[in-house]
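Student: Sequence and predicted model, in that order:
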Amino acid sequence: MAKLKVGILISGRGSNMAALIEAARTPDYPAEIAVVVSNVASAAGLKTAQEAGVPTAVVPHREFPDRESFDRVVSAELEKHGVGLVALAGFMRIQSPWFPTHWKNRIVNIHPSLLPSFPGLRVQQQAIDAGSRISGCTVHFVTADLDAGPIIAQAAVPVLPEDTADTLAARILRQEHRLYPMVVRWFAEGRLSVAGSRVAVAGVPQGATLLFSPAP
Ligand SMILES: Nc1nc2c(c(=O)[nH]1)N[C@@H](CN(C=O)c1ccc(C(=O)N[C@@H](CCC(=O)O)C(=O)O)cc1)CN2
Ligand SMILES: NCC(=O)N[C@@H]1O[C@H](COP(=O)([O-])[O-])[C@@H](O)[C@H]1O
């Protein structure tokens, strides 16, 4: 049976992209990484993808008059590679409503907070400033509403008194690299269904959609 083709959008380092590429190297993983697209030519993740033999493309957002025209070219690049799931991985552009509508329930994002808390950017510092004792990451379907799409799975980590944004980000990132490949596998296996704002994951234990790592 043909594997699900995943297209990954990045803007920078690409460690979540690398985790997905590594997961897809396993023969029984039900997805393959078909293309990596960046809006930034200098994204370090492009080199990582090329060294892994994954096709890449750059679509510079600054060259477009508006978000939708940029989004349509990105979408065409993904469709050229037969992509069935779009995975945002440190992709730093807010997409026009056209994109998540066109890719409805076929586009996911990983976000470094326990949504709905702390959408947007600089979220690790937001959690620290709020005195949160727990933080983590969320994989969700992407909709026109920023960081507000149906939640698929989350991973939680402690926030320590001595944490800086960087130490907390590093602790969360380790869980991101576990969570994202797990969720992409579930999508590829056809286990995800969306009803309104809720996602059901068929055939997995109820607790499997929440990882908790008490390790500092
Ligand atoms: N329509 C949607 N687009 C995006 C979503 C989403 O849920 N719906 N998720 C974000 C990912 N993201 C946080 O997880 C995020 C990325 C970027 C921004 C942002 O403010 N971008 C600015 C530029 C910032 C920069 O270049 O440093 C912008 O686009 O003007 C907020 C949240 C991805 N897109
Ligand atoms: N709002 C989007 C956002 O903040 N995404 C976050 O950017 C980082 C990208 O790292 P990576 O490029 O090494 O995967 C990740 O921590 C991801 O959760």
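Tutor: Right, received. Where do you want to start? Ligands and ions are numbered 1, 2, ... in the order given.
Student: what does the protein put close to ligand 2?
Tutor: Proximity of the chain to ligand 2, by CB under 6 Å from any ligand atom, involves residues 10, 12-16, 89-90, 110-112, 121, 137, 173, 176. In this view, the C-beta of every residue, glycine as well, is placed from N, C-alpha and C.
Student: what about this structure, any weak spots by pLDDT?
Tutor: Applying pLDDT under 70 to the chain flags no residue at all.
Student: before we move on, back to that, for ChimeraX, write the selection for the buried entries among the residues of the chain next to ligand 2.
Tutor: Only the buried entries of the residues of the chain next to ligand 2 go into this ChimeraX selection, using 16 or more other CB atoms under 10 Å:
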select :10,12,14,15,16,89,90,110,111,112,137,173,176
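Student: which one of the residues of the chain next to ligand 2 is nearest Val36?
Tutor: Proximity of the residues of the chain next to ligand 2 to Val36 (CB to CB) peaks at Ile10, which lies at 6.2 Å.
Student: For the closest one, give the beta-bridge partners.
Tutor: Taking DSSP bridges, one finds Ser38 as the beta-bridge partners of Ile10.
Student: Going by distance to ligand 1, which of the residues of the chain next to ligand 2 wins?
Tutor: Among the residues of the chain next to ligand 2, His111 lies closest to ligand 1 (CB to the nearest ligand atom), at 3.9 Å.
Student: Spatially nearest residue to that closest one (excluding sequence neighbours)?
Tutor: Thr138 (4.9 Å; CB to CB, 6 or more residues apart in numbering).
Student: and Arg178, what element?
Tutor: Per DSSP states H and E, Arg178 falls inside helix 165-188.
Student: mind listing what's buried in whichever helix or strand comes after that helix?
Tutor: Using DSSP H and E, the helix or strand that follows helix 165-188 in sequence is strand 192-195. Across strand 192-195, burial judged by 16+ other CB under 10 Å covers Leu192.
Student: Quick one: distance of strand 192-195 to the chain centre.
Tutor: A distance of 17 Å separates the C-alpha centroid of strand 192-195 from that of its chain, computed with CA atoms, centre = their mean, to the nearest Å.
Student: can you check stretch 94-103 too?
Tutor: For stretch 94-103, the distance to the chain centre is 15 Å (CA atoms, centre = their mean).
Student: ok, residues contacting stretch 200-211?
Tutor: Residues outside stretch 200-211 that contact it (CB atoms under 8 Å, 6 or more residues apart in numbering): 152-156, 175, 178-179, 186, 190-194.
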